[in-house]
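1. From the sequence below, what's the structure:
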Amino acid sequence: MNKILIVKADGTQEPIELERQPTLKELQEWVGGYVEKVRVWPSFGKEMYANEDGRMKRLPMNAEASVMSGQPIVGNAVVLENFELE
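-> You can find the predicted model right below:
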């Protein structure tokens, strides 16, 4: 089972479990635009995606995602965990 955590800029989280990989369209919907892969520390099987144009769009700071990545993240972020790439 693939675990997905949507870390929202308002401080809330939405866990999702999928039997498959999320589609690019789903990732874009969750972050509200184009996606960019962001480093997560420690990574241990995790990947994070955020809105590529978030700073230009002046999206709100996402404190929790920023701590997870060690860099400023704005808008919603998506953390993929235990992913089995095909």
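
2. Please count neighbours and contacts with C-alpha atoms only from this point.
-> OK.

3. which residues does the nearest residue to Ile73 once chain neighbours are set aside contact?
-> Distance criterion Cα to Cα, 6 or more residues apart in numbering; nearest residue to Ile73, sequence neighbours excluded, is Ser66 at 4.9 Å. Applying Cα atoms under 8 Å, 6 or more residues apart in numbering to Ser66 gives the contacts 72-74.

4. So Ser66: helix, strand or coil?
-> Recorded secondary structure, Ser66: helix (DSSP: H, G, I helix; E, B strand; the rest coil).

5. now Val40
-> Going by three-state DSSP: Val40 is coil.

6. before we move on, what about Pro15?
-> Applying three-state DSSP: Pro15 is strand.

7. With adjacent residues omitted, what lies nearest to the residue sitting nearest the centre point of the chain?
-> In the chain, the C-alpha nearest the mean C-alpha coordinate belongs to Val78, at 1.8 Å (Cα atoms, centre = their mean). Spatial nearest neighbour of Val78, excluding adjacent residues (Cα to Cα, 6+ apart): Ile6 at 4.5 Å.
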